[in-house]
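Visitor: need a 3D model of the following:
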Amino acid sequence: MSIKLSGLLLTSLFICLPAIGEQQEERGSAIKVTQGIEGRIEFFEGDFTPRLVVPGQQDSPRGTITHPKRHVFVFEKAKADSVVRAFWTKINSKLVASMDSDNNGYFSIQLPEGEYSLVVLENGKYHAESFDEEGNIFPVRVKKNEVSSIRFKIMYKSTH
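Guide: This next block holds a predicted model:
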């Protein structure tokens, strides 16, 4: 079990890390910020495991990615419990900012320089699936006069 859990954690680290400087689509109604974070919520549902496709046959989609509206919370950098979990009823850190993403999943939050943890509200609990090697929940660094681009992936209803 520990091997599987380690693999899951490493997969989460690889797949869910914040994407800095990635090109993004038009941001819809999200407010443009000059320093802080901007991004989009991505909800994965279904089977995304690679599979062999026979030449001449088309692979049919088995999973979907949507961009739902979610409430986004920014806390001072926070560590996860000693047990790896992705849902919490309480984050033991100071809440810095929060906002709803728009109907296409876009969000942007003006923030001072610093290190933060990003979570969304999912089924009445705080949720994130990305952790750094020190166990910090979805870590984001904001630098002076810069905006960090985030892809916040929600993947608990999918297989990879």
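
Visitor: contacts only, for the residue lying farthest from the centre of the chain.
Guide: Distance from the centre of the chain peaks at residue 56, with 36.0 Å (CA atoms, centre = their mean). Residue 56 makes no contacts at all, as judged by CB atoms under 8 Å, 6 or more residues apart in numbering. For glycine as for every other residue, the C-beta is placed from the backbone atoms N, C-alpha and C.

Visitor: tell me the helix or strand right after the least confident helix or strand in the chain by mean pLDDT.
Guide: The least trusted helix or strand in the chain, going by mean pLDDT, DSSP states H and E, turns out to be helix 2-16, with a mean of 36. Under the assignment DSSP states H and E, the closest C-terminal helix or strand after helix 2-16 is strand 36-47.

Visitor: partner strands of whatever helix or strand comes next after that next one, with direction?
Guide: Next along the chain after strand 36-47, taking DSSP H and E as the criterion, comes strand 63-66. Applying DSSP bridges, strand 63-66 is found paired with strand 36-47 (antiparallel).

Visitor: quick one: low-confidence ranges for this protein?
Guide: Residues of the chain meeting the criterion pLDDT under 70: 1-31, 60-61, 82-84.

Visitor: nearest the geometric middle of it, what residue?
Guide: residue 152 (2.3 Å).

Visitor: which secondary structure element contains it?
Guide: Going by DSSP H and E, residue 152 is part of strand 147-159.

Visitor: list the buried ones in the helix or strand hosting residue 117?
Guide: Element membership of residue 117, judged by DSSP H and E, is strand 114-122. For strand 114-122, the neighbour count (16 or more other CB atoms under 10 Å) marks 116-120, 122 as buried.
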